[in-house]
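Asker: Could you work out the structure for the sequence below:
(2 chains)
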Amino acid sequence: MSFRSRFLLSLVSIAIGTAVWLPLLHLVFRPGRDQFRSETTVAPLARQLARRHLDLWTLPGDGKADIDKMRVNNPEWDFMGRTFLVLSLANMCLHEPQQQDEYLQVMDRIIEDTDRLAQAKGISYFLLDYANQSQFLQQPVRSIFVDGELAMMMGARRLVAEHEPFRERMRELVHITADRMAVGPVLSCESYPNECWTFCNTVALAAIRMHEVLDGEDHGQLRRDWIARAKEKLVHQQTGLLCSSYTYEGQAVDGPEGSTIWMAAHWLKIVDEAFAEDQYRRAKREIAHQCLGFGWAGEWPKSWVGPMDIDSGPVIPIIDLSAGSSGQAFVAAASFGDIEYYGALTTTLMFAGFPLFHDGRMQFCASNQVGDAVLLYSAVAGPLWQTIRERGRRVEAP
Amino acid sequence: MMGRWRTLHRRIRAMKWFSPGSFVLCAATFVVVYLVLHLLGWRESTSIFCGTLPEGRNAQVLQSFQAVMYVLFYMATAVVAPILLIAAAVFQVMAMLWIRRAGEFSMKMQGPVSKDGGSAA
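Answerer: Residues are numbered from 1 along each chain as shown, chains lettered A, B, ... in the order given. All right, here's what the predicted structure looks like:
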């Protein structure tokens, strides 16, 4: 057979091989049913992922190096890694009450350590350097990023089992936050100087909601007003999605971003479920991608493209893949019961996240502690939000 | 043992590009290199993709190299190698059909053979 014939035959063979293999590839990486996330229990892979995180807080010095490496890039990740781990453990406590003592111990250690650091070293300990480069407009200086997530961690712990010291501290944080939000021009507080982040403000609203169901206080007016103001001032016109950051006066700084909108929809689910659902559907339409059984998410919709930053991570062009957005899409897909998209995301994760199994523990090599904590949260999320909804109905019943 | 290696080496050298054998060889190379890199623990180096870098310039360059090589051979093993194996099988089948049809075609061109051995046409 001549070289030309063999070359042509090779091209045809490779084309057929590609057409056969690519549609099958996802089957190799798709975890079995209930292997990564289960609605009723802690799935086996989630348990292995959790084990590694528990070690970080129970074995002396074990996770310090991992967290320190992460802090070099972004101290926020240290703080958010703590929040997502506490939320994951709260859900795991509700999934398997027999393990509650072990999980609660770790949750308490994380919350106490975080609160101690925030008070002793100031808010800048968990913020990027530019927090110190200009003045916060609202005085005295506080960051809703720190206050909101701390209150949420305490709320999650208290929803599993009451904790008196956290009850007082949470009440203090929620009151400060709610009072400061109420006087803001768009009912929002700054995370950084003259920067209000939707992520942080929606976390704060969710924490306030937790406080309502735990302590029977009513902040319904603030919640309703915030949603109304957001629909009026903080929504991107072309997509209907919430902008990710805005000035204290309510001027949009960044448009909608995947690294914000997925989680904002998740937090808002306990604040205004219909609005949250609408945001999720819009985000899915604008920035979610699925192909050949794999799923991922981009950072920006077509109508607004922002700069790559520490939150977006590197965005792979052509296929429009953002690791930051894709990671958070897990939580939103799980939260809104989008089984198909969650399955596609998990397939991509097992393919390109480079999972490493060792001694009953799992980590994703292409991720870091905060990334793995977000993935763990997506794998176990559900019972905590369900508890808030149920207790909320009881509190609000006449 | 050495004789077997020598035979294998000779076969590989004699192998034509764009043939089922070359596809299989290519796929096998990807898999073997990937397995070696995996056993060397280079998978952990992929943590650079989320910005987790070791301290020191030299360590960063080394880890970046390890991560890129690992990802290349991982993708080659997971995506390219199976395509090459399927292509090798398809190539083999098509080549056999090609040769058979070429044989039939040349038989037809020669036409039915007469009893005395000459062409009836």
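Asker: which stretches of chain A have low pLDDT?
Answerer: Of all residues in chain A, those with pLDDT under 70 make up the ranges A:61-63, A:398.
Asker: Check chain B too.
Answerer: B:1, B:109-121.
Asker: Contact residues of chain B facing chain A?
Answerer: B:16-19, B:23, B:43-47, B:49-54, B:74, B:78-79, B:82-88, B:90-91, B:94-95, B:98-99 (Cβ under 8 Å from any Cβ of the partner chain). No exception for glycine: its C-beta is placed from N, CA and C like everyone else's.
Asker: for residue B:95, what are its contacts?
Answerer: A:1, A:9, B:20 (Cβ atoms under 8 Å, 6 or more residues apart in numbering or on different chains).
Asker: looking at this, it is in a helix?
Answerer: Yes: in this structure, residue B:95 lies within a helix as judged by DSSP: H, G, I helix; E, B strand; the rest coil.
Asker: Quick check: it vs residue A:4, distance?
Answerer: In this structure, residue B:95 lies at 14 Å from residue A:4, with Cβ to Cβ, to the nearest Å as the measure.
Asker: Next: residue A:355.
Answerer: Looking at residue A:355 against residue A:4, where the rule is Cβ to Cβ, the gap reads 45 Å.
Asker: who has more neighbours, those two?
Answerer: Comparing residue A:355 with residue A:4 by neighbour count (other Cβ atoms under 10 Å in any protein chain shown), the higher total belongs to residue A:355, at 19 against 9.
Asker: which residues sit in contact with the more buried one?
Answerer: With contacts defined as Cβ under 8 Å, 6+ apart, the neighbours of residue A:355 are A:349, A:362, A:363, A:364, A:365.
Asker: Tell me what it is bridged to.
Answerer: The residues listed as beta-bridge partners of residue A:355 by DSSP bridges are residue A:364.
Asker: Can you tell me which residues in chain A are near chain B?
Answerer: Counting by Cβ under 8 Å from any Cβ, the residues of chain A lying close to chain B are A:1, A:3, A:5-7, A:9-10, A:12-14, A:16-18, A:20-22, A:25, A:28, A:66, A:69-70, A:72-74, A:313-314, A:323, A:351, A:354, A:356, A:365-368, A:371.
Asker: Can you select the buried ones from the residues you listed in ChimeraX?
Answerer: To isolate the buried ones among the residues of chain A next to chain B in ChimeraX, judged by 16 or more other Cβ atoms under 10 Å in any protein chain shown, type:
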select /A:6,9,10,13,14,16,17,18,21,25,66,69,70,74,313,323,351,354,356,365,366,367,368,371
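Asker: and the residues of chain A next to chain B, which of them are in helices?
Answerer: Among the residues of chain A next to chain B, the residues falling in helices (DSSP state H) are A:3, A:5-7, A:9-10, A:12-14, A:16-18, A:20-22, A:25, A:28, A:66, A:69-70, A:72-73, A:323, A:351, A:371.
Asker: Closest one to residue A:235 out of the contacts of residue B:95, please.
Answerer: residue A:9 (56.7 Å; Cβ to Cβ).
Asker: Tell me, how many residues neighbour residue A:114?
Answerer: With neighbours defined by other Cβ under 10 Å, the count for residue A:114 comes to 22.
Asker: same question, residue B:31
Answerer: Residues within reach of residue B:31, counting by other Cβ under 10 Å, total 17.
Asker: Go ahead and confirm it touches residue B:80.
Answerer: No: applying Cβ atoms under 8 Å, one finds residue B:31 not in contact with residue B:80, separated by 10.2 Å.
Asker: Check the offset of stretch A:305-325 from the chain's centre.
Answerer: 16 Å (Cα atoms, centre = their mean, to the nearest Å).
Asker: helix, strand or coil for residue A:253?
Answerer: Strictly by three-state DSSP, residue A:253 counts as strand.
Asker: brain fart, residue B:71
Answerer: In terms of secondary structure, residue B:71 is helix; the call rests on three-state DSSP.
Asker: Now do the SS call for the nearest residue to it once chain neighbours are set aside.
Answerer: Using Cβ to Cβ, 6 or more residues apart in numbering or on different chains and skipping the chain neighbours, the partner closest in space to residue B:71 is residue B:46 (6.5 Å). Assigned state for residue B:46: helix (three-state reduction, three-state DSSP).
Asker: State the number of residues packed around the nearest residue to residue A:184 once chain neighbours are set aside.
Answerer: Nearest in space to residue A:184, with sequence neighbours left out and distances taken as Cβ to Cβ, 6+ apart, is residue A:248 at 6.6 Å. Using other Cβ under 10 Å, residue A:248 is surrounded by 18 other residues.
Asker: doesn't residue A:137 make contact with residue A:248?
Answerer: Yes: in this structure, residue A:248 is within contact of residue A:137 by Cβ under 8 Å, at 4.7 Å.
Asker: between the two, what contacts are shared?
Answerer: By the contact definition Cβ under 8 Å, 6+ apart, residue A:248 and residue A:137 are jointly contacted by A:190, A:194.
Asker: For the helix or strand hosting residue A:262, C-alpha coordinates in PDB please.
Answerer: With elements taken from DSSP states H and E, the one containing residue A:262 is helix A:258-268. As requested, the backbone C-alpha atoms of helix A:258-268 are provided in PDB (Å, rounded to 0.1, in the frame of the first residue of the first chain):
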ATOM      1  CA  GLY A 258     -19.600  33.000  38.000                       C
ATOM      2  CA  SER A 259     -17.400  33.200  41.000                       C
ATOM      3  CA  THR A 260     -20.200  35.100  42.700                       C
ATOM      4  CA  ILE A 261     -23.500  34.400  41.200                       C
ATOM      5  CA  TRP A 262     -23.600  30.600  41.900                       C
ATOM      6  CA  MET A 263     -23.000  31.100  45.600                       C
ATOM      7  CA  ALA A 264     -25.200  34.200  45.800                       C
ATOM      8  CA  ALA A 265     -28.100  32.100  44.400                       C
ATOM      9  CA  HIS A 266     -27.300  29.400  47.000                       C
ATOM     10  CA  TRP A 267     -27.200  31.800  49.900                       C
ATOM     11  CA  LEU A 268     -30.400  33.600  48.700                       C
END
